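**Q** 3D, please:
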Amino acid sequence: MQQKFTIKLLPSEASNDLVIRTAAAMHASVPPDSISGYRILKRSIDARSKQAWILLTLLVSIGEPLPPLLFEIWKGQNVGQAKKTVLIAGAGPAGLFAALKLIEKGIKPIIVERGKEVRARRRDLAILNKQGKINPESNYCFGEGGAGTYSDGKLYTRSTKRGDVARILQILVQFGANEKILYEAHPHIGTNKLPQIITNIREAIIAHGGLYFFDKKVSDLLLAGDKIVGLSLHTGEKMLADAVILATGHSARDIFELLDRKKINLHFKPFAMGIRIEHPQQLIDRIQYHTPARNIFLPAASYNLVHQVQNKGVFSFCMCPGGIIAPAATRDYELVVNGWSPSKRDNPFANSGIVVTIEENDIQLYRKKHGKLAGMFFQQHVETKAYKAGGGAFVAPAQRMVDFINNRLSDTLPPCSYIPGIHSAPLSEVLPGFIYEALQKAFIAFGNKIHGFCTNEAVVVGVESRTSSPVRIPRDPETLQHSEIKNLYPAGEGAGYAGGIVSAAIDGERVAEKIVTNPNN
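**A** Reported below is the predicted structural model:
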């Protein structure tokens with residue numbers, strides 16, 4: 001017999017197998033020795049009171065063996081000689097999971113990635129952090145694995161309506177992720193662990209006959225009337241295929257401009273912009289766990305904040321407990337910050353984006369000048385101002401939090417995890433007025449919600465500008481093809497249909513499924 005139920009344990013108890021079995025037996029009203037096995041289905045923390053509790057949802061087997069959890073979710077076939085081929089532009093989660101799905105269905109994927117393989121990216125990131133020199137094709141946004149690989153590896157998503165989240169997590173476990181991601185309330189792989197998983201996926205794609213090319217940037221679409229037949233690359237090569245998946249990510253501005261030049265339909269997509277804020281992790285732990293020091297059995301504390309300022313949403317984004325702020329620009333003279341955490345989340349700082357929603361009517365001047373690319377050029381303008389305010393070499397403009405609220409230049413700045421360095425500068429001269437003022441009011445509200453959050457121990461670092469794509473590439477809701485170009489399948493975050501690793505992977509799989517069933521490919 002099997003039963004499913006939730007038990008409530010102290011943090012020290014929740015990691016003790018004997019305690020869990022005993023508690024499960026009490027809940028099921030059976031002797032402890034009749035519990036033949038259990039599996040954690042969900043693990044979350046209830047820290048609303050002074051005593052934090054761990055909530056474990058268990059599948060408990062009583063008097064019979066617990067069936068093993070199967071991880072061989074993905075089963076590929078050899079597609080080396082397959083007649084049908086699909087070009088995939090971009091090796092982020094949308095592109096990689098599309099390739100895996102195509103292989104399952106007997107179609108040969110050919111991945112072209114503008115950046116380097118995942119390990120080689122690390123050297124370019126080190127040069128960016130320590131020397132302030134950027135490789136425009138190999139950075140935190142571009143390269144194998146996409147933007148999520150070196151910017152945290154969070155797997156939390158609300159995209160259950162789009163597809164099977166559990167399947168994506170199980171495939172990641174199959175390729176090397178820790179099983180904990182299957183039950184943690186906010187699963188996280190970590191920037192130090194994700195590169196090996198990405199490498200394992202690539203090796204599987206190649207082993208099953210797929211092709212993989214690095215340093216291959218798309219320069220043009222090869223069209224025959226209203227149908228795409230392939231891609232031109234910056235090297236002069238032309239690659240042909242039965243269909244093309246465009247999964248180039250939210251920072252591939254050259255792709256948006258290419259589509260615009262070719263008069264291919266695009267839409268403005270709402271996005272968000274703001275800053276990164278960083279507190280000492282001990283301070284966030286103290287606030288969230290209501291205790292002077294965090295229990296060793298509890299993870300670094302996080303937070304999730306949202307507030308409305310004059311009908312405009314202000315919210316925390318990509319919160320990184322025990323994390324690091326990173327330079328996420330894709331070319332020189334533009335400054336973008338993002339955050340990431342290692343798997344243990346054991347760095348001394350906690351950072352998060354705090355961002356303001358931006359609608360088309362917020363940037364009408366850009367709309368008149370740049371049309372559907374208004375959001376992209378708005379981002380670019382603010383990033384350029386941030387670069388100048390920092391003084392160059394990707395040093396970031398910053399203020400203490402209370403100084404930011406009072407529009408006061410900070411005389412000194414606290415320690416910060418951002419390796420290129422921070423420079424005291426008035427962020428009111430970097431951020432557009434409506435964003436700056438919304439952040440000021442939201443910070444005060446957040447301080448009222450979480451006492452101690454609003455403090456000059458925290459530093460505000462500019463700018464967090466690439467929360468999502470400012471462009472949507474429209475596609476037919478049934479076929480998922482572009483609304484005007486047959487056999488062109490926009491996918492993932494860059495196309496405006498995802499917001500993170502898992503949702504992008506789900507979208508990649510959905511697009512691949514549609515290619516399989518499209519008789520015109």
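**Q** I'd like the distance between the spatially closest residue to T149 that is not a sequence neighbour and R167.
**A** The spatial neighbour of T149 that comes closest, neighbours along the chain excluded (Cβ to Cβ, 6 or more residues apart in numbering), is L194 at 5.2 Å. (Each C-beta comes from the backbone N, C-alpha and C, glycine too.) Distance of L194 to R167, computed by Cβ to Cβ, to the nearest Å: 18 Å.
**Q** so these two - more neighbours on which side?
**A** Counting neighbours by other Cβ atoms under 10 Å for L194 and for R167 shows that L194 has the greater number, 26 against 15.
**Q** from S341, how far off is that one?
**A** For L194 relative to S341 (Cβ to Cβ), the value is 11 Å.
**Q** okay, domains of this protein per the record?
**A** Per the record, the chain has its domains at 2-62, 85-267+471-517, 270-464, by automatic domain parsing.
**Q** with distance to L69 and mean pLDDT as extra columns, can I get those in a markdown table?
**A** As requested, the domains of the chain are exported to a markdown table (distance: least, Cβ to Cβ, whole Å; pLDDT from 0 to 100):
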| stretch | distance to L69 | mean pLDDT |
| --- | --- | --- |
| domain 2-62 | 7 | 95 |
| domain 85-267+471-517 | 8 | 94 |
| domain 270-464 | 21 | 97 |
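**Q** including distance to W74, could these go into CSV?
**A** Output for the domains of the chain, formatted as CSV (distance: least, Cβ to Cβ, whole Å):
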stretch, distance to W74
domain 2-62, 21
domain 85-267+471-517, 5
domain 270-464, 23
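**Q** out of the ones you listed, nearest to I73?
**A** Across these, I73 has its closest neighbour in domain 85-267+471-517 (4.4 Å, Cβ to Cβ).
**Q** what about the closest one, how long is it end to end?
**A** From its first residue to its last, domain 85-267+471-517 covers 14 Å (Cα to Cα, to the nearest Å).
**Q** from the chain's centre, how far out does it sit?
**A** Taking the mean of its C-alpha atoms, domain 85-267+471-517 sits 12 Å from the chain's own mean (Cα atoms, centre = their mean, to the nearest Å).
**Q** and the strands in the stretch 301-450 of the chain?
**A** Taking DSSP state E, counting those that start in this stretch to define them, one finds strands in the stretch 301-450 of the chain at 306-309, 312-320, 324-327, 337-340, 349-358, 396-400, 422-424.
**Q** let me redo that: the stretch 151-300 of the chain
**A** Under DSSP E, counting those that start in this stretch, the stretch 151-300 of the chain gives strands at 211-213, 218-224, 227-233, 238-240, 243-246, 267-268, 271-280.
**Q** would JSON lines of the ones you listed with distance to G146 and mean neighbour count be doable?
**A** Shown next, in JSON lines, are those (distance: least, Cβ to Cβ, whole Å; neighbours: other Cβ atoms under 10 Å):
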{"stretch": "strand 211-213", "distance to G146": "14", "mean neighbour count": "17"}
{"stretch": "strand 218-224", "distance to G146": "15", "mean neighbour count": "16"}
{"stretch": "strand 227-233", "distance to G146": "18", "mean neighbour count": "19"}
{"stretch": "strand 238-240", "distance to G146": "20", "mean neighbour count": "15"}
{"stretch": "strand 243-246", "distance to G146": "13", "mean neighbour count": "28"}
{"stretch": "strand 267-268", "distance to G146": "22", "mean neighbour count": "17"}
{"stretch": "strand 271-280", "distance to G146": "17", "mean neighbour count": "26"}
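**Q** make CSV from the ones you listed and add distance to P432 to it.
**A** Formatted as CSV, those follow (distance: least, Cβ to Cβ, whole Å):
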stretch, distance to P432
strand 211-213, 40
strand 218-224, 32
strand 227-233, 36
strand 238-240, 41
strand 243-246, 30
strand 267-268, 17
strand 271-280, 8
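**Q** among the ones you listed, which is nearest G90?
**A** strand 243-246 (7.4 Å).
**Q** which strands and helices sit next to the closest one?
**A** Other helices and strands packing on strand 243-246, by 3 or more Cβ pairs under 8 Å, 6 or more residues apart in numbering; DSSP states H and E, are strand 85-89, helix 93-104, strand 227-233, strand 488-490, helix 501-517.
**Q** can you state the direction angle for the first one and helix 501-517?
**A** Going back to what we said before, that points to strand 85-89. Note on geometry: by axes from the mean of the first three to the mean of the last three Cα atoms, to 10 degrees, strand 85-89 and helix 501-517 are set 150 degrees apart in direction.
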